[in-house]
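Visitor: Here is the input, now give the coordinates:
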Amino acid sequence: MLKKFNSFAFLFYFITSSLKEPVFGIDDDSESRSLMKLHQYSYRNIDKWYSINHRCSGGLQSPIDINMRQTKKEIFPKFTRTNYFIKPLTTKITKGKFNLMVLPIYEQDYPILLGGPLEEPYRFNHVVFHWGKSDNLGSEHAINGKKFPLEIQAVHYNDNYDSYSEALNSPNGIAIVSYLFNINEKTTGDLALDLIQKPFEMLASVPTGEVELDYAFPISLLTPPIYKRYVTYNGSLTLPPCSENVIWIVNYKPRSITMLEMEKFRMLYNNSEGLINNFRPLQMTNQRDIYIVK
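Guide: All right, here's what the predicted structure looks like:
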């Protein structure tokens, strides 16, 4: 259940929260201020992102189409996940102008990911979601040219840095674990998705805002472990500032989502102008090495 809000206080909170609109991936104050202007940063004017930040036209940009025939087999150490089963103090669901984010708040014992292509520990920070208006698009990454209706990205930062903001522009600063989804009506649904979707009806009625859940659940429910069947490559953030310091880990075996769960994501931005497709187009691979673990 959601924490109860006084209706006036609730509306006032959402109106004022737009003044500190979250722009995921931004750390520089001056850059953040410019990107927070609706007409500058939008999925409707992606071709102008370069004018906002020149790094968005770099040679190691993400997302990409992963051609499985061109991947290179590799053996990495097994992943070690620490504290993923610990419940956070609380979990915030943040609806930005163009993004949805899940941000668990921990007092200590942050989830830590190590192993695979990660030679250093990475601290879990937040989860972002990308979807489209139909079932044949929505994911940012593609596998052999195929897009998926939903992609969930678990964003981590190098624990050797003091903060996520510092890691954004630092070498090997970010690691993102990506999960792709297919529609499957035979499944009973995803428990974690059902939990985070409880406030969607409320969030759909406002342009931007944040809800704090009063039920805590471990982030492992939303981001299950990956033991194999993944590809990894060096890329970038898929939002400005498009920093090219991201180690991507993409699980190429899709998870299942029901049509009802998928439609709840699409209805979240169904008010006013709406948000139809919140994903970045595919970028050039530029002969990057893409490694596969089977």
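
Visitor: residue ranges of the helices in this structure, please?
Guide: For the chain, the helices defined by DSSP state H cover 7-17, 29-35, 49-52, 164-168, 191-196, 200-203, 259-267.

Visitor: Remind me what the third one packs against, helices and strands.
Guide: For helix 49-52, the helices and strands in contact under the criterion 3 or more Cβ pairs under 8 Å, 6 or more residues apart in numbering; DSSP states H and E are helix 29-35. Heads up, the C-betas are built off the backbone N, CA and C, glycines and all.

Visitor: for the record, mean pLDDT for the helix it packs on?
Guide: Helix 29-35 carries an average pLDDT of 35.

Visitor: what about the nearest residue to Ile86 once chain neighbours are set aside, neighbour count?
Guide: Excluding its sequence neighbours, the residue lying closest to Ile86 (Cβ to Cβ, 6 or more residues apart in numbering) is Asp109, at 5.3 Å. By other Cβ atoms under 10 Å, 10 other residues sit near Asp109.

Visitor: before we move on, what about Thr91?
Guide: Using other Cβ under 10 Å: Thr91 sits among 22 other residues.

Visitor: Now that it has come up, it's in contact with Glu212, right?
Guide: Yes. Thr91 is within contact range of Glu212, at 7.4 Å (criterion: Cβ atoms under 8 Å).

Visitor: residue ranges for the strands of the stretch 151-294 of the chain, please.
Guide: 174-183, 209-213, 230-235, 246-257, 291-293 (DSSP state E, counting those that start in this stretch).

Visitor: Please convert those to CSV, extending it with distance to Lys97 and mean pLDDT.
Guide: Shown next, in CSV, are the strands of the stretch 151-294 of the chain (distance: least, Cβ to Cβ, whole Å; pLDDT from 0 to 100):
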stretch, distance to Lys97, mean pLDDT
strand 174-183, 21, 97
strand 209-213, 11, 91
strand 230-235, 24, 98
strand 246-257, 23, 96
strand 291-293, 35, 98
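
Visitor: right, and those strands - which one's nearest Ile152?
Guide: Ranking the strands of the stretch 151-294 of the chain by proximity to Ile152 (Cβ to Cβ) places strand 174-183 first, at 4.5 Å.

Visitor: what's the angle from that closest one to strand 246-257?
Guide: On the basis of axes from the mean of the first three to the mean of the last three Cα atoms, to 10 degrees, strand 174-183 is oriented at 20 degrees to strand 246-257.

Visitor: how much does strand 174-183 deviate in direction from helix 259-267?
Guide: 120 degrees.

Visitor: Each with direction, which strands does strand 174-183 pair with?
Guide: strand 150-158 (antiparallel), strand 246-257 (parallel) (DSSP bridges).

Visitor: just those strands: most buried one?
Guide: Counting by mean count of other Cβ atoms under 10 Å, strand 150-158 has the highest mean neighbour count of these, with a mean of 24.

Visitor: rewinding a little: can the strands paired with strand 174-183 go into TSV with extra columns for distance to Leu137?
Guide: Listed next are these as TSV, based on distance: least, Cβ to Cβ, whole Å:
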stretch	distance to Leu137
strand 150-158	10
strand 246-257	14
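
Visitor: Compare the ones you listed and report which one is nearest to Thr223.
Guide: strand 150-158 (4.3 Å).

Visitor: Need the residues that contact the closest one.
Guide: 113, 120-131, 138-141, 163-164, 167-168, 170, 172-181, 219, 222-223, 257, 262, 265, 279 (Cβ atoms under 8 Å, 6 or more residues apart in numbering).

Visitor: Distance from that strand to the middle of the chain?
Guide: 5 Å (Cα atoms, centre = their mean, to the nearest Å).

Visitor: So for Lys73, what's the pLDDT?
Guide: 97.

Visitor: Chain neighbours aside, what residue packs nearest to it?
Guide: That would be Ile292: by Cβ to Cβ, 6+ apart, it lies 5.8 Å from Lys73.

Visitor: got a list of what the one you found touches?
Guide: 68, 71-74, 230-231, 252.

Visitor: Give me the neighbour count for Met68.
Guide: Quick note: Met68 (other Cβ under 10 Å) scores 11 neighbours.

Visitor: Could you do the one 4 residues further on as well?
Guide: Using other Cβ under 10 Å, Lys72 is surrounded by 9 other residues.

Visitor: I'd like the distance between it and Pro63.
Guide: 19 Å (Cβ to Cβ, to the nearest Å).

Visitor: Number of residues surrounding the residue nearest to Lys147 when sequence neighbours are not counted?
Guide: Spatial nearest neighbour of Lys147, excluding adjacent residues (Cβ to Cβ, 6+ apart): Leu137 at 4.6 Å. By other Cβ under 10 Å, 15 other residues sit near Leu137.
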